[in-house]
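In: got a sequence here, can you build the structure:
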Amino acid sequence: MTIFACKSKEKSESAEFFKRANYHFKKNELDKALSFFNEAIEKTPDFSDAYNNRGVLYLRLDQLKEAQADFEKALQIDPDFTQARFNLAKLYSEIGKTEESNALFSEIAKDYKDSSDYHNFYGQNFVRMNKTTEALESLNKSIQLNPKNVEALTNIGYVYFLQNDLKISKEYLNKALAIKPGFGFALNNLAVISEKENDLKKAIDLGKKALLSDPTSIIYLNNLTLFSFIDNDLKAGNEYLQQALKIDDKNPYTRRNEAISSFLSGDYQKSKIILTEIEDKNPEVDYVYFYLGLVSQKLNEKDQACKFFSTGQKLKDGKSADYLKGC
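Out: Sure thing, here's the model as predicted:
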């Protein structure tokens, strides 16, 4: 009888720690919340809710491996825990495990059929899988359920951007901003479109507004760096570049911007070395072939430059098509 009493006491204490953890998490007191989640799990090692909620906290801290481990542990303890499965599906999608993510989303479809957020994240994963038809189907379902879902509206805008339908893309992005004017993703995407339309002033202005929403966003910083360099503002570009390097100096878009900085500073050999590395490992990075062409021109490698511009034209990379005319 004493043993059962102890176990009951431990579960009671664990529940109290869990309650306190959630309280501090809602107040964004993450260190305190993490400490209480740890206490709850230590008292009750099979506390699936505590693992799931601690996983969400780890996501807030950008500790993706720890979050993944916690969501997987929650499901190991309770295979029917749909919220943990949803969280893990979103995380898998974010880290590139799109097939695994798709399987998890499919498994919980019935439970979340009326959830706008579910259809948004499911659609987002289809985007990452390059399945635009399925993506639009899920994202439109999300909007049907909640016409004010700014993330879904922005994601639809992004899909149309990928299809090079900039007019419809802007319509959806502006719908999102009409609901939430400071929404960074929508501002950033409109900034990218403005650059494609050769309106650098607008692109930079929108990029700065996006950065205000999240000053540590590597995506926003890299785009602002690129826009500044294209605008021949080496000083501003290098300032944004240094901020990005502090966050992630291995990011291929940050490395691309390093190469552009070297190019604009006259160090063509260094620029070519970096760009060649990116082409080998991350050929999807935009402007790589365009700047490889420009660097090759500076190094008097005209034939090589034309090959890069030709590849760039096929990939709609930068302004390669304009330079290919001179080949």
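In: mind listing the helices for the stretch 51-200 of the chain?
Out: With DSSP state H, counting those that start in this stretch, the ranges of helices along the stretch 51-200 of the chain come out as 64-77, 82-94, 98-107, 116-128, 132-145, 150-162, 166-179, 184-196, 200-213.
In: out of those helices, which is closest to residue 45?
Out: helix 64-77 (8.8 Å; CB to CB). For every residue, glycine as well, the C-beta is placed using N, CA and C.
In: the residue nearest to residue 134 when sequence neighbours are not counted and residue 172: what is the separation?
Out: In space, not counting the residues next to it along the chain, residue 134 is nearest to residue 126; the distance is 4.3 Å by CB to CB, 6 or more residues apart in numbering. Going from residue 126 to residue 172 by CB to CB, to the nearest Å gives 16 Å.
In: cool, and residue 144?
Out: With CB to CB as the criterion, residue 144 and residue 172 are 14 Å apart.
In: give me the more crowded residue out of these two.
Out: Legend: neighbour count by other CB atoms under 10 Å for residue 144 and residue 172, higher for residue 172 (23 against 12).
In: list the contacts for residue 321?
Out: Shown in contact with residue 321 (CB atoms under 8 Å, 6 or more residues apart in numbering): 309, 312, 313.
In: dump the residue contacts of residue 92.
Out: 68, 98, 100, 101, 104.
In: dump the residues you listed to JSON lines, plus pLDDT and neighbour count.
Out: Converted to JSON lines, the contacts of residue 92 look like this (pLDDT from 0 to 100; neighbours: other CB atoms under 10 Å):
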{"residue": "68", "pLDDT": "98", "neighbour count": "20"}
{"residue": "98", "pLDDT": "98", "neighbour count": "19"}
{"residue": "100", "pLDDT": "98", "neighbour count": "16"}
{"residue": "101", "pLDDT": "98", "neighbour count": "25"}
{"residue": "104", "pLDDT": "98", "neighbour count": "24"}
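In: max pairwise distance over those residues: which two?
Out: 68 and 98 (14.6 Å).
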